[in-house]
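# Sharing a model that was predicted from the sequence below.
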Amino acid sequence: MELLNLQPVESYKTFLKENIRPDGRELMETRQTVLNVGSISTADGSALVKLGETMVICGVKAELTIPSAEDPGKGIVVPNMEMSALCSSHFKPGPPSEQAQVITKFLDNLLKSCTVIDTADLCVMKDKLVWVLYCDLICLNYDGNALDASVLALIAALQNVKIPEVTVDDESGLPHTNMEVKKAFATRGMPCATTFTVFDGSHIIADPTLKEEDITEGNITVVTDEHDNLIYVQRQGGLAMPEAEMQKCVKRAVEHGSEMRKLYLAVAS
Amino acid sequence: MAGLELLSDQGYRIDGRKPDELRRIRCKLGVFTQADGSAYIEQGNTKVLAAIYGPREADQNMRNQICHDKCFLNCEYTQATFSTAERKHRSRGDRKGQDMSTHIKQTFEATIQTSLYPRSQIDIYLQVLQADGSNYCACINAASLALIDAGIAMKDYVCACSASLTKGKPVIDINHVEESSDCAELSVAILPKLGQIVYSELNGRLHANELPDVIDAVVRGCKDLFVVMDRTVREHLEETATTFTHS
Amino acid sequence: MDLNSSLPLGNLQCEQKVLKNTDGSAMYTAGETNVLVGVYGPADCKESKQDVKQAVVEVNFRPKIGIPGVAEKYMEKFVCKICESVILRSFHPRTAFSVIVQVMQDQGSLLSCAINAVSMALQDAGISMRCMPVAVTVALQKKEKEDNEMKDDSKKFVISPSTKDEEESVAIATFVFDSAQYDSISAYACGPMTSDEYRECLRLAKEASKHIVRFFRDSVSRKVSTDIR
């Protein structure tokens, strides 16, 4: 293990010769994933994800607000990822790190494109009152691949959301929230992300740990939905890669997605 | 708050506890792999995570804080935006959080044997996941456990507990409802084995004659907490020891 | 000579050396989208950011109005990763390349336009690169028909979509290829599509990228010929 710290690249190569990784996984194997929902009672929906040692918690708070003039009949969903100095010594205290911002934008793009939540469902009264869902994600322990964990946490937390019933008084036009009656709203689709990274330009490995992220280049994230469609493909940097390799990743992502969907279903029931 | 009785005639509090009863405590050491020491504590519905990094070489950005004869502490308290009933708009850097960070820092400056780690820094990060009163106390207890997990030399455990006074009776380990009523709130951190008080803060009005009673109650609360914390540490150590002997 | 008529890519224009004080610069127009890029480097770098083995790349993305936000950070990271993979960074250890991308006008396909502009600016600066990155955006449109039986026929791929096309499409994909082998360097695809549709997008983008490389070559040769004169 000391060798892994001193000569990470060299020792990693010796592992790869045997087609195994230092933590005993095969190249395309992902880490064990645990999903837990509803543990935060102050949030309207919450989920905790453990992807190996990476831990991400997501809490959703619903608030009533006036809709924007452009979309008067649509609610708003605001994801925000936080990777503070708490989760790893890689991060310094202060404003959000670049990585956290990139993940925030990724989640935002994902929610917009995959219609997990139809924002029209969040409308209480057109032009007057809509729900805004603040989805705050906190990375608690960072051991690589925060992206997959955060997607899982976000979607599971959204599925877990229960918002109180709102009735608008006809005469006064004032909203009245009934905290007694809380209903879940329908989430559509269960997207699931799978991240790969490339070691030494030739070996593709799935679900990298922090140490693996440090010595590899370029990452590929494939998000699939329950119809095995691709919802989001993101490939950043790395060397040029032939198409066949990419197809391998897509295939693995589809497989992994269907495994993860079992987790969504297990916590939903 | 009219109509809300904090202590019933039968002597029970809103959540069914007796005046000198703590909320259920659950704690765990070594919850994270990245941090040098970490702990999680649940006191009733207040849930806090603590992570310790250090002692390590002082960050260049903190150059002005480096001491030649001891280490300095960097403490950061954050409360998740979803931790309270009303959503907080900022999790970091608000006035209350900064105050809290300073208080926690002062408490541990009095406890950690800082002179053993010259020219270094120790970071204490606290994350409140769910807040239901006595946040300061939960943070101190969590940080104390995390520091023990990190193996940092301290004079003693630090245990903190809060108390209030209703109907002339001191009640300890107060929750959010009791905290937001207009009673006085006393938070105390003690070193249980040395029998010293390292921190105390009183918010609200309390008659001087009643103070000794409240302090007595709160110190007893701290000592009860200490028993639980000590047991957790010992259990954790035994567990670690068995993994060592077996491998 | 009108090159553009033969391309399915709309109006393409590129002018290099537009900023005098930078080491390399390019103004790139694709359709109605217009991006200006300035490159500095290899230059001195703060000690804390230095890498002993290779140069570091910093990308700064400036929106047309307002201050950069999360969306810009995302683009920065994307462009930065591409630069890191194409520039031969080990030639210039302990230095930094700084790339500033200023959006002048955004009428769709911003990401691909920005990457092409960066590519031309890096070329203008004479920085040694493994290859030049070439980016193409493809949008997939599906018409909602009354009878769902005709689903296959209602599919339409739009290369270099405008803002209006983007709004009407279900999925948008941007691919980045290397100018030598036409292998993909980076990809960004958003919106539901099947594996086959993704492959079709990729194929179309690859075709289009060849046109763009030809355009790159033409505009560089034009620049060089005016320099000689």
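Great, that's in hand.

# Could you tell me which ranges of chain C sit under the pLDDT cut-off?
With pLDDT under 70 as the threshold, chain C has low-confidence stretches at C:1-9, C:144-153, C:229.

# Look at the residue lying closest to C:V136 once chain neighbours are set aside and say how many residues are nearby.
Spatial nearest neighbour of C:V136, chain neighbours left out: C:A205 (4.1 Å); criterion: CB to CB, 6 or more residues apart in numbering or on different chains. C-betas here are computed from N, CA, C, even on glycine. Number of residues near C:A205 (other CB atoms under 10 Å in any protein chain shown) recorded here: 27.

# Could you do C:K206 as well?
17.

# same thing with A:V267?
Per other CB under 10 Å, the neighbour tally for A:V267 reads 15.

# ditto for C:G66
8.

# Let's verify it: helix, strand, or coil?
State at C:G66, reduced to three classes by DSSP: H, G, I helix; E, B strand; the rest coil: coil.

# Please name the nearest non-neighbouring residue to whichever residue of the stretch 151-269 of chain A sits closest to chain C.
Minimum separation of the stretch 151-269 of chain A from chain C (CB to the nearest CB) falls at A:G237, amounting to 2.9 Å. By the measure of CB to CB, 6+ apart, the closest residue to A:G237 outside its immediate chain neighbours is C:K81, 2.9 Å from it.

# Can you get me a residue count around that neighbour?
Applying other CB under 10 Å, I find that C:K81 has 22 neighbouring residues.

# For the closest residue to chain C within the stretch 1-150 of chain A, give me its contacts.
Distances between the stretch 1-150 of chain A and chain C by CB to the nearest CB are smallest at A:K105, namely 3.8 Å. Applying CB atoms under 8 Å, 6 or more residues apart in numbering or on different chains, we find A:K105 in contact with C:V70, C:A71, C:K73, C:Y74.

# and the residue nearest to A:G237, backbone torsions?
Per-residue torsions, C:K81: phi -60, psi -40 (degrees, to the nearest 10).

# and the one helix or strand B:V218 maps to with chain A, contact?
Take DSSP states H and E as the rule and B:V218 turns out to sit in helix B:211-246. No: for helix B:211-246, no contact with chain A is found by CB under 8 Å from any CB of the partner chain; the gap never falls below 15.3 Å.

# Report all helices and strands that the helix of greatest length in chain C contacts.
Assignment by DSSP state H gives helix C:195-228 as the longest helix of chain C. Here helix C:195-228 touches strand A:230-236, helix A:243-268, strand C:12-16, helix C:110-124, strand C:133-142, strand C:155-159, strand C:171-178, strand C:184-193, going by 3 or more CB pairs under 8 Å, 6 or more residues apart in numbering or on different chains; DSSP states H and E.

# Now for the nearest residue to A:Y264 once chain neighbours are set aside: which residues touch it?
The spatially closest residue to A:Y264, leaving aside those adjacent along the chain, is A:M190, at 4.9 Å (CB to CB, 6+ apart). Applying CB under 8 Å, 6+ apart, we find A:M190 in contact with A:V116, A:I155, A:D225, A:E226, A:R261, A:Y264.

# Would you mind listing the outside residues contacting the helix or strand containing B:I197?
Using DSSP H and E, B:I197 sits in strand B:196-203. If you take CB under 8 Å, 6+ apart as the criterion, strand B:196-203 is touched by B:103, B:106-107, B:110-111, B:136, B:140, B:156, B:158, B:160, B:184-191, B:215, B:219.

# Restricted to helices, list those residues.
Going by DSSP H, the helices hold B:H103, B:Q106, B:T107, B:Y136, B:I140, B:I215, B:V219 from the contacts of strand B:196-203.

# Near the fourth one, how many other residues are there?
Look at B:Y136: counted by other CB under 10 Å, it has 25 neighbours.

# and the gap between the closest residue in space to it that isn't next to it in sequence and chain A?
With sequence-adjacent residues excluded and distances taken as CB to CB, 6+ apart, B:Y136 is closest to B:S187, at 5.2 Å. From B:S187 across to chain A, the span is 21 Å (CB to the nearest CB, to the nearest Å).

# and B:S187, what is it in contact with?
Going by CB under 8 Å, 6+ apart, the list of residues near B:S187 reads B:S134, B:Y136, B:C137, B:A160, B:C161, B:S162, B:Y199, B:S200, B:E201.

# Would you confirm that the residue nearest to C:V136 contacts C:V134?
No: judged on CB atoms under 8 Å, C:A205 makes no contact with C:V134 at a distance of 9.4 Å.

# Now do the shared contacts for these two.
Residues touching both C:A205 and C:V134 by CB under 8 Å, 6+ apart: C:F177.

# The worst-scoring helix or strand of chain B on mean pLDDT: which residues count as buried?
Using mean pLDDT, DSSP states H and E, the weakest-scoring helix or strand in chain B turns out to be helix B:176-180, at a mean of 89. For helix B:176-180, the neighbour count (16 or more other CB atoms under 10 Å in any protein chain shown) marks B:H176, B:E178, B:E179 as buried.

# Which residue lies closest in space to the last one, excluding its sequence neighbours?
Going back to what we said before, that points to B:E179. Counting by CB to CB, 6+ apart, the residue nearest B:E179 is B:G133, at 4.4 Å.

# Show me the shaky parts of chain A.
Applying pLDDT under 70 to chain A flags residues A:1-3.

# residues contacting whatever residue of chain C ends up closest to chain A?
When distances are taken as CB to the nearest CB, chain C reaches nearest to chain A at C:K81, 2.9 Å away. Residues in contact with C:K81 (CB under 8 Å, 6+ apart) are A:G218, A:Q236, A:G237, A:G238, C:S186.

# Just list the residues touching A:V223, thanks.
A:L110, A:C114, A:V151, A:P191, A:C192, A:A193, A:T194, A:L230, A:I231, A:Y232, A:V233, A:A253 are the contacts of A:V223 under CB under 8 Å, 6+ apart.

# give me that answer again for 7 Å
By CB atoms under 7 Å, 6 or more residues apart in numbering or on different chains, the contact list for A:V223 reads A:L110, A:V151, A:P191, A:C192, A:A193, A:I231, A:Y232.

# Please apply the same query to C:G38.
C:L19, C:T22, C:S25, C:I100, C:A121.

# Which strand or helix spans it?
Per DSSP H and E, C:G38 falls inside strand C:33-43.

# Between helix C:110-124 and that strand, find me the angle.
Going by axes from the mean of the first three to the mean of the last three CA atoms, to 10 degrees, strand C:33-43 is angled at 40 degrees with respect to helix C:110-124.

# May I see the buried residues of strand C:33-43?
Quick answer for strand C:33-43 (16+ other CB under 10 Å): C:T33, C:N34, C:V35, C:L36, C:V37, C:G38, C:V39, C:Y40, C:G41, C:P42.
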